[in-house]
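Engineer: Sequence first, predicted coordinates after that:
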Amino acid sequence: MSEKVYVGNGKIRSSQYWEFYTLWLKVSELEKYVWDSGYVSLVVNKRKEADNYGNDLSVIINDYKPKADNNKSTWGG
């Protein structure tokens, strides 16, 4: 990945039955990275420590581009 583009934050939450992630994303930032297929690829990272707002997840754009190979399916949209 090149320089990380942060587009949101999140929190890990849990209930009696499961753990889940709540994410807050900046739609204005996401629009810049929409593929022709209409998808955006994101990476959710767990932070080492929560920030001042209790966010323990960060969301960045996944800019990975596989090498072109007609014999293999491409990852993503």
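Structural biologist: Thanks, I have the structure now. Computed from a predicted model, the values in this text were never measured in an experiment.

Engineer: which residues of this structure fall in strands?
Structural biologist: Using DSSP state E, the strands of the chain run over residues 6-14, 19-25, 42-46, 57-61.

Engineer: what's the closest of those strands to W35?
Structural biologist: W35 sits nearest to strand 57-61 of all the strands of the chain, at 11.2 Å, using C-beta to C-beta. Heads up, the C-betas are built off the backbone N, CA and C, glycines and all.

Engineer: what distance separates the worst-scoring helix or strand of the chain on mean pLDDT from the centre of its chain?
Structural biologist: Across the helices and strands of the chain, the lowest-confidence element by mean pLDDT, DSSP states H and E is helix 27-30, at a mean of 90. The gap between where helix 27-30 is centred and where its chain is centred comes out at 12 Å by C-alpha atoms, centre = their mean, to the nearest Å.

Engineer: got a list of contacts for it?
Structural biologist: With contact meaning C-beta atoms under 8 Å, 6 or more residues apart in numbering, helix 27-30 is reached by 5, 7, 40.

Engineer: and if we set it to 6 Å?
Structural biologist: Contacts of helix 27-30 from elsewhere in the structure, counted by C-beta atoms under 6 Å, 6 or more residues apart in numbering, are 7, 40.
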